[in-house]
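Visitor: Structure here, sequence nowhere to be found:
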């Protein structure tokens with residue numbers, strides 16, 4: 001057979017396999033990789049922005065974050081929010097998530113304010129530290145609200161976030177831009193660790209969680225940026241081999257200790273929902289309108305004291 005024909009058939013087969021694996025990909029796979037830095041995801045975020053976001057009512061800016069603005073103009077208060085799914089709030093229409101409500105409340109109180117929401121589903125404090133911190137320091141906001149606080153970090157996995165989130169490793173991110181390569185990387189690495197009898201570990205160990213926060217807080221303080229810590233309340237049921245709610249206690253205690261040592265304001269939604277947590281969640285997972293409103297009220301009070 002003609003070598004050119006063989007090459008073409010091989011290329012077509014690889015393309016077909018890549019397409020098949022992408023179609024079969026389960027976005028809810030509990031052993032997910034956080035793929036933010038992979039170049040196909042960068043391209044995907046750009047097209048998502050062009051198509052007006054991941055739903056009809058949530059605009060996504062060209063950086064892939066919830067919201068219409070990408071940078072600050074000159075306002076009195078400039079606030080950046082970091083966090084994961086509770087803040088990204090893909091179950092809440094634009095304008096009703098707490099970062100948007102916070103901006104509206106402060107504007108109504110006469111304080112010229114802009115809030116940039118840099119929260120991303122599935123992210124951890126490792127993402128905030130390795131990817132977002134440099135941008136935050138460059139933008140020099142007046143305030144940062146840090147809210148990666150344990151849930152995604154305490155997920156059990158054979159592959160840690162630190163192994164996957166490599167913003168400066170171009171070759172790794174090019175390699176991992178293929179679904180075929182991701183599958184091979186994941187399966188080979190997991191198989192190797194199972195054979196070595198290595199158990200699943202937290203995606204971000206509590207010690208690493210503390211270290212990342214300490215480094216971020218110290219650098220933000222050096223720039224005279226005010227910091228608020230926002231805890232995360234979770235009522236998601238335990239999932240065998242993936243997540244156990246009791247493990248979150250270690251991160252909650254670490255978060256509280258960090259707030260005390262650095263004398264930072266800590267807001268815990270657990271204190272806002274009294275004895276009826278189910279009233280503040282959608283499907284025992286994401287915060288609903290009631291919780292977002294309560295958080296916005298609590299944080300806006302911080303700027304009046």
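Guide: Happy to help now that I have it. These figures come from a predicted structure and were not determined experimentally.

Visitor: List the contacts of residue 31.
Guide: Residues near residue 31 by Cβ atoms under 8 Å, 6 or more residues apart in numbering: 157-159, 186, 190, 242. No exception for glycine: its C-beta is placed from N, CA and C like everyone else's.

Visitor: Could you report the distance from it to residue 182?
Guide: 12 Å (Cβ to Cβ, to the nearest Å).

Visitor: Same question for residue 241.
Guide: 21 Å.

Visitor: what's the answer for residue 47, then?
Guide: Residue 47 is 19 Å from residue 182, by Cβ to Cβ.

Visitor: Which one of these two is surrounded by more residues?
Guide: residue 182 (19 against 9; other Cβ atoms under 10 Å).

Visitor: what's the closest non-adjacent residue to the more buried one?
Guide: residue 176 (5.6 Å; Cβ to Cβ, 6 or more residues apart in numbering).

Visitor: Show the backbone phi and psi for that neighbour.
Guide: Per-residue torsions, residue 176: phi -80, psi 10 (degrees, to the nearest 10).

Visitor: what sits against it?
Guide: Residue 176 neighbours (Cβ under 8 Å, 6+ apart): 33, 35, 38, 164, 182, 185.

Visitor: so is the residue positioned nearest the centre of the chain in a helix, a strand, or just coil?
Guide: Taking Cα atoms, centre = their mean, the centroid of the chain lies closest to residue 123, which sits 2.8 Å from it. Classification of residue 123 using DSSP: H, G, I helix; E, B strand; the rest coil returns coil.

Visitor: Now do the contacts for it.
Guide: Applying Cβ under 8 Å, 6+ apart, the residues near residue 123 are 34, 36, 83-84, 148, 152.

Visitor: Check which helices and strands the longest helix seen in the chain is in contact with.
Guide: If you go by DSSP state H, the chain has its longest helix at helix 3-24. In this structure, helix 3-24 makes packing contacts with helix 179-195, judged by 3 or more Cβ pairs under 8 Å, 6 or more residues apart in numbering; DSSP states H and E.

Visitor: gap between the helix or strand following the helix it packs on and the chain center?
Guide: As assigned by DSSP states H and E, the chain's next helix or strand after helix 179-195 is strand 201-202. Offset of strand 201-202 from its chain centre (Cα atoms, centre = their mean, to the nearest Å): 17 Å.

Visitor: Parallel or antiparallel, which strands does strand 201-202 pair with?
Guide: strand 156-157 (antiparallel) (DSSP bridges).

Visitor: Determine how far the following helix or strand past the partner strand lies from the middle of the whole chain.
Guide: Where DSSP H and E defines the elements, the next helix or strand beyond strand 156-157 is helix 161-164. Distance of helix 161-164 from its chain centroid, counting by Cα atoms, centre = their mean, is 14 Å.
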